[in-house]
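Chemist: could you work out the structure for the sequence below:
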Amino acid sequence: MQLWRGAARWLVAAAVAASALLIPARAAPADGSVHQLTIRASEFVFQAPARVPGGWTRITIRNVGDEAHQAQVARLNPGVGFGQLQAAAAKGPSAVVPLVTPVGGPNEVAPGRTASTIDLLTPGRYALICFVYSPDGTEHDAKGMLKPLTVTAVTGHTTPPAPNAVITLKDFSYVFPARVHGHGVIAVRNEGTQDHEMVLYHLHPGATLADARQYLLTPPGSPPPIPAPGEPVGGITGVAPGDTGYVDLAVPPGRYVAVCFFPDPTRNGLPHAVEGMLQGVTIR
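Modeler: From the prediction side, this is the model:
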């Protein structure tokens, strides 16, 4: 979810220049205890299966485009059709959010990069959504970057992974463990009353949290006030209250920023980042 971002926010040029610092996502768990869903993202389309079995699923996004992309997996609420969701996308995320229940999926990654989450998919009608903004200030979903997904009956026996750490989402903050390691599975638990996400940005050397705040909170379509201070490396998209998703993290040590851009319906859609969900974290 991206409600306030500078035009091209983490600029493609900066993302490509720093992409060599990233470490590819780890291979799927060897015990075969989760299903696999791989999504190829480009401008402005998802390439992914139309149907997948229910159960714990490792969801991987491979960004083969020229802009940053994410893969929000969202279940359509009762009575909502995919056409209705497409019509709402043209009006902005505040119109989309009430129509769906977010269940996770990998968050924003720079071009050429990969990220994974492990989420529980129950049978039903879903959509893949990209809320990332283009440099012209238009969200990707408004440009047609939505894809229907049907989750069929649960097959086989799937189990959630054993996490190395837990990150808690609150209204409106993150609670990080004392140490966050760049490799391993991290549980992300939403203990708030609203939907929340965690997108991670890797700060460039010398960039500060204040730089990130200034850049990320620039309204979409406005000229970036400063050069991009970092690049997106994944995280987890929206998770509903009471739910837990898992990030299969594979990033280098460094200074990062965690951000939630979901709208607060009690404050006219104000992004959660403005309410405190924009925090620095050191990954070792």
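Chemist: my guess is Pro148 meets Gly124, correct?
Modeler: No. Here Pro148 does not reach Gly124: they are 11.4 Å apart, not a contact under Cβ atoms under 8 Å. The way it works is simple: take the backbone N, C-alpha and C, and place the C-beta from them, glycine included.
Chemist: Leu200: which element?
Modeler: strand 196-203 (DSSP states H and E).
Chemist: now stretch 182-192: mean pLDDT?
Modeler: Per-residue pLDDT over stretch 182-192 has a mean of 97.
Chemist: ok, and for it, which residues are buried?
Modeler: Gly182, Gly184, Val185, Ile186, Ala187, Val188, Arg189, Asn190, Gly192 (16 or more other Cβ atoms under 10 Å).
Chemist: who touches the closest residue to the second one other than its chain neighbours in this structure?
Modeler: Among residues not flanking Gly184 along the chain, Asn164 sits closest, at 4.0 Å (Cβ to Cβ, 6 or more residues apart in numbering). Each residue near Asn164 by Cβ atoms under 8 Å, 6 or more residues apart in numbering is listed here: His181, Gly184, Val185, Ile186.
Chemist: ditto for Gly182
Modeler: Ile23, Leu249, Ala250, Val251, Pro252, Pro253, Ile283, Arg284.
Chemist: I'd like the distance between it and Pro148.
Modeler: According to Cβ to Cβ, to the nearest Å, Gly182 stands 34 Å off from Pro148.
Chemist: residue contacts, Tyr246?
Modeler: Tyr246 neighbours (Cβ under 8 Å, 6+ apart): Thr117, Ile118, Asp119, Pro160, Pro161, Pro163, Val185, Ile186, Ala187, Val188, Ile236.
Chemist: export these to TSV and tack on distance to Trp56?
Modeler: Formatted as TSV, those follow (distance: Cβ to Cβ, whole Å):
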residue	distance to Trp56
Thr117	11
Ile118	6
Asp119	7
Pro160	5
Pro161	8
Pro163	13
Val185	12
Ile186	15
Ala187	13
Val188	15
Ile236	14
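Chemist: name the helix or strand for the closest residue to Val166 other than its chain neighbours, please.
Modeler: Ranked by Cβ to Cβ, 6+ apart and with sequence neighbours excluded, the top spatial neighbour of Val166 is Ala187, at 4.6 Å. Here Ala187 sits within strand 183-190, counting by DSSP H and E.
Chemist: got the angle for that strand vs strand 196-203?
Modeler: 140 degrees (axes from the mean of the first three to the mean of the last three Cα atoms, to 10 degrees).
Chemist: restrict strand 183-190 to CA atoms and write it as CSV.
Modeler: Only the C-alpha atoms of strand 183-190 are listed here, as CSV (Å, rounded to 0.1, in the frame of the first residue of the first chain):
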residue,chain,number,x,y,z
HIS,A,183,18.6,-14.2,6.8
GLY,A,184,15.7,-16.4,8.1
VAL,A,185,12.0,-16.5,8.6
ILE,A,186,10.4,-13.7,10.7
ALA,A,187,6.8,-13.8,11.9
VAL,A,188,4.9,-10.5,11.4
ARG,A,189,1.9,-10.4,13.7
ASN,A,190,-0.8,-7.7,13.5
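Chemist: who does that strand pair up with?
Modeler: strand 165-170 (parallel), strand 244-250 (antiparallel) (DSSP bridges).
Chemist: what's the weakest-modelled helix or strand in this protein?
Modeler: helix 12-18 (a mean of 33; mean pLDDT, DSSP states H and E).
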